[in-house]
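Q: Attaching a predicted model along with its sequence, questions to come.
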Amino acid sequence: MQIKNSAVSMIIDAQDQKELEEIKLQFLGKSGKLTLTLKDIVKIPSEKRAIVGQLANEVKRIVEETLETKISEFKNQVSDHKKQNIDTSNPGTPPDIGHLHPMTQVLYEVVDVFKSIGFQAADGPEIESDHYNFEVLNIPKDHPSRDTQQTLYLDTRNSKINPGEIILRTQTSAMQGRIMEKIKPPVRVIVPGKNFRYEQVDASHGFEFWQVEGFMVDTNVKLTDLFGTIEYVLRKLMGDKIKLKFATTNFPFVEPGVDTYIECTVCKGKGCSFCKYSGWSEIMPAGMIHPNVLKAVGYDSQKVSGFAFAIGLSRLVTLRYQMDDLRLLTNPDMRILEQF
Amino acid sequence: MLAPLSWLKEYVDITLTPKELGEKLTEVGLGCEKLIKTKDDTIFELEITPNRPDCLSIIGVAREIAAIENKKIKFPKLGNLIKPKKTLPLTIKTDSKINPRFTGIILTNIKVGESPKWLKDRLGKVNQRSINNIVDITNYVMLELGNPMHAFDYDKISGNIMTVSQAKGGEKFESVDAITYKLPKDAVIISDKEKVIDLCGIKGGKNSGTYEDTNTIFIRVPVEVPNLVRRASQTLSLRSDASSIFERGVNTDGTIDALKRIVGLIVELAGGEIASEIYDIREQNFKPWKLTLRKDRLNKILGIDLPIKKVVDILETLNLLPVLTKDIIQVTVPTYRNDLKIEEDLIEEVARIYGYNNFPKTMPEGIIPTAQIPYFKDYRLDEKVKNILKASGFSEAYTYALIGEKDMPEDLNSQNLLRIDNPVSRDFEYLRPTLRINLLKALTENKSNFKKINLFELGKVYLGKNLDEAREEYCLSGISNSKSFFEIKGLLEKIFEDLGITEDPTKYIEIINEGTFFELNFSELLKKINNNKVFKPLPKYPPIVEDLSIIADDVKTSDLIDEIKNQSPIVSDVSLLDRFKNSRTFHIVYQNKNRNLTTNEVKIIREKILKKISEKFNAKLKE
């Protein structure tokens, strides 16, 4: 105890770093007072040894702590003096921090934007049945629109499943049936996820790509709501300055069918290989849910209506960062990843 | 679909500039992907959706333009089907189930030769090669009106008989372009007395085509069954302009007009005369159908209040013959618009011609559903974990879910993986059962540019030896060439702690040649999450803290810590401070929530600890 008190008071009174070093040696050095005391513990009868030991340890800790505090005090004073001589324009020392993938960053924004208008996110299987991927969506077996979604079929050998029944989903719309058949309107859902198609890879196509499906059903959902929602979401994600246009299109599971184009951000509408020299990029096919789909999930199309859309997430990400090739998104080259 | 402006102008007056027209065509649903300027023309490259076979013809596109421009269409001049002076014999046996309509006529004394320049030019503009005047005219009329047709050399139809039937499968058939096919079962074909002469709706036969020496032809303008054409064409990987139209549904009531048109053109350009009555074999009466559109339904779905007059006008320009009674409009749908089947289809017609870009925009009304949906995914949890990894120096990668056999390590047998029947290439044939393969590859590929590589991926893996057992699970995996086993372990411990999971992550970490790898089943992990964090009041009484150095061999630190903790609830925390050879220093915190501890109490517990670990692990206090 005595050692502690004298050490602490000396430390506090010390005038400079040199004096501190001396104090440190005096108590904690090889033949310092405290060190010697600790060595003497062996001489104490064993039943008391533990208590004394603990006490000595604690004293040692306190002395060390006080010393540290005082040293850093001096150091700070020193650095104040030196500050004028430091070249503060030297680069900072970066912490060891990694990077989230651009797809993740945009996806979280998408999820947030939709959350703000009451849409919950769902996640579903990529190994999907023909039933949910096509049949429920008003696309029977021999429908020509299947040509636009060339399908990857899973090998059914050694299983009870018939060939052609199980596929890799070609669209996140497959989740419309799975979710709506389980709940009643009002429904507001988004489904981000990966899709697969038999497609040759180029700058704007891939056999794996991401979409964010969304659908809403309620007693009074209108085409103008769809237009408004698309505009709201895309402006939130891509900024107020973007240019949008809508066009008629056909998907068997919507009627009327809508396609959304955004002015190409890579070429600013002038035309480039990414937008096939049209100046516009197709970003969000959509439409009012077809009565046959509503019927298939057990809804009455005369009482409720709804809209559905699919954001081409992969494409949105590339447009957002002016990346001219979709393949950059699946390339784990850190020279790409570290830019985001 | 290619549509030259000059050709379109024959049927409709166009006031818009080509650029404006292109944009307008896109808006109404005929995606104009490109305008091709030639020296004397503009050609529209249109993407026609599968529901609009009528727009695979120039007249169909012209009809759309007429609706856009609010003009009337000028239908091309049709030939007269005059009574034949003499008739040539021909027996036709068909079945309306496989060939719903068979329209045709015989022309004789025609002169096969080169097509006139205007015809060649027109076909050239839509990338059609000129063959001879007869073949060119059949192609021309198909492109113009959208009803495919075929000209047979009458003299090559053996026995003057044509029988429509379905292939048994395996029959050989040589098409007009001299390619031999093995016919798939159920493909619809026409045979004469001896041979197959036509693959219906897809391609004509070489053995009965029209050549220089042809004098008499039979022209067939059919209606085919979409599914049958589609299946045969898919099986053979053989598509033609005709099959594209038939599989989407041809204009069922257009065969007679198309026949009149072609007879007129042939007589004009190749001479000849009619040598038979018109054949028109069918069971169904292909007539327009009625649909009704309610004004209130229209406004409810569209969200705007269009004046009824405007709605009627739009339906009028689409040739839908609207009749208004009170607030209900009845329309008559022409047979070329087989996409119009229900009220919603008419609603789209009104909306697209009114112009999607003229609509106001609103936000949805109604209450926001709060009950958790099925398949709900909490993206905040993903985000939380990814942020910890990011803060620890890891960058995130997204890699393909499909892998190839050549990338598989020796311990992975492709026989046990889920497989794609029709992969885009051998490199993407199997569904990955682990993220390890792609991350290892990523590490290797980054080596040339980076010293320190820390990568992670949160993605799906696909498990099960066959489809019956197929399962998808999210995996969280990472690879590092610069972080130690214990750094990775500490990182995973932090993630677990953040998610409220009490589990030792050691089993998920592996030391590999390149560094350290971890992989854990994230779907399983999420099931163990405990988010119920409850605040523990700060202790009112000070703890007593001591460091004990223990000497022990062959004991796991975790076992020692567990044993020390087990000796008393007063031991509130034990951690490893230091380790040197067989000595380990533990930092022990003794704490009683309800009162001050005495040194004597601590002493008793300490002795208990020392006794226990001595008995159990032969461990003792360092002297």
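A: Received it, and whenever you're ready, just let me know what you need.

Q: Let me see the ranges of the helices in the stretch 151-300 of chain A.
A: A:174-180, A:223-238, A:291-296 (DSSP state H, counting those that start in this stretch).

Q: average pLDDT for the shortest one?
A: To tie it back to what came earlier, the one meant is helix A:291-296. Mean pLDDT, computed over helix A:291-296, is 97.

Q: what about the residue in the stretch 1-150 of chain A positioned nearest to chain B, neighbour count?
A: Chain B sits closest to A:G118 of the stretch 1-150 of chain A, with a gap of 3.3 Å, by C-beta to the nearest C-beta. Quick note: C-beta positions are derived from backbone N, CA and C, even for glycine. The tally of other residues near A:G118 (other C-beta atoms under 10 Å in any protein chain shown) stands at 15.

Q: and it, what pLDDT?
A: So A:G118 comes in at 96 (pLDDT).

Q: Can you pull the phi and psi angles for the closest residue to it other than its chain neighbours?
A: Spatial nearest neighbour of A:G118, excluding adjacent residues (C-beta to C-beta, 6 or more residues apart in numbering or on different chains): B:I368 at 3.3 Å. With angles defined as degrees, to the nearest 10, B:I368 sits at phi -90, psi 120.

Q: returning to that earlier point: output the helices of the stretch 151-300 of chain A in TSV, with mean neighbour count and distance to B:S477 appended to each entry.
A: Formatted as TSV, the helices of the stretch 151-300 of chain A follow (neighbours: other C-beta atoms under 10 Å in any protein chain shown; distance: least, C-beta to C-beta, whole Å):
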stretch	mean neighbour count	distance to B:S477
helix A:174-180	24	26
helix A:223-238	20	29
helix A:291-296	19	38
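
Q: What about A:K270, how many residues nearby?
A: Neighbours of A:K270 using other C-beta under 10 Å come to 11.

Q: what's the most centrally placed residue in chain A in contact with, if anything?
A: What sits nearest the mean C-alpha location of chain A, by C-alpha atoms, centre = their mean, is A:T104, with 3.4 Å. By C-beta atoms under 8 Å, 6 or more residues apart in numbering or on different chains, the contact list for A:T104 reads B:386, B:396.

Q: Now do the same for it: helix, strand or coil?
A: Here A:T104 is helix, with the state taken from DSSP: H, G, I helix; E, B strand; the rest coil.

Q: Could you check the pLDDT of it?
A: At A:T104, pLDDT is 97.

Q: Find me the pLDDT at B:E623, would you?
A: 75.

Q: Could you tell me how many residues sit around it?
A: Neighbours of B:E623 using other C-beta under 10 Å come to 8.

Q: And it, how close does it get to A:L28?
A: 21 Å (C-beta to C-beta, to the nearest Å).

Q: Check B:P18 too.
A: Separation of B:P18 from A:L28 (C-beta to C-beta): 91 Å.

Q: B:L458 too?
A: For B:L458, the distance to A:L28 - C-beta to C-beta - is 49 Å.

Q: partners of B:T180 in the sheet?
A: B:E174 (DSSP bridges).

Q: Let me know whether it touches B:L199 as I believe.
A: No. Applying C-beta atoms under 8 Å as the test, B:T180 and B:L199 come out as separate, 11.6 Å apart.

Q: Since that was my last question, I'll sign off now.
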